[in-house]
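A.B. asks: can you look at this prediction? I've put the sequence above it.
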Amino acid sequence: MKFLVDESIEFPVVTFLRSIGHDVVSVAENFPSVCDTDVLATARQTKRILLTNDKDFGELIFLHGLPHRGVVLLRLFEENAQSKIDKLRVLLETHGNDLPGNFTVVSPEVVRIRRTRAVS
């Protein structure tokens with residue numbers, strides 16, 4: 001799977017995703033401090049699922065109707081790399097095929113997958 005990891009996500013998460021075979025581009029490594037609309041556009045243009053902690057992407061997609069290739073929004077109480085890695089490991093095993101083209105919110109107790117105006 002191809003991911004664009006927002007700079008709101010700790011680098012050990014990037015390392016984890018790469019270690020299990022995913023194609024991962026990190027905003028922090030490649031274009032730090034770029035605005036959210038450019039991050040979303042880059043993810044779309046490079047056909048990557050955006051992984052973020054930033055709720056602003058929901059606003060860009062649901063309020064402004066911006067297209068995307070898929071977004072995973074992590075909304076966890078424990079904002080540390082290990083808790084994110086643990087949640088992502090389970091998410092990829094149980095919902096990996098549902099991530100492309102959808103807006104997925106991962107919270108401590110539930111995963112919500114919402115179909116949106118994704119670009120194919």
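C.D. replies: Yes, it's here.
A.B. asks: bridge partners for the spatially most central residue of the chain, pull those for me.
C.D. replies: When Cα atoms, centre = their mean is applied to the chain, the residue found nearest the centroid is L51 (1.5 Å). Per DSSP bridges, the residues bridged to L51 are V5, V72.
A.B. asks: can you tell me what sits against the lengthiest helix in the chain?
C.D. replies: When the chain is parsed with DSSP state H, its longest helix is helix 81-95. Applying Cβ atoms under 8 Å, 6 or more residues apart in numbering, the contact partners of helix 81-95 are 1, 9-13, 16-17, 20, 51, 72, 74, 76, 99, 104, 106, 111, 113. Yep, even glycine has a C-beta here, placed from its N, CA and C like the rest.
A.B. asks: make it 7 Å
C.D. replies: Helix 81-95 has contacts (Cβ atoms under 7 Å, 6 or more residues apart in numbering) with I9, E10, P12, V13, F16, L74, L76, V106, V111, I113.
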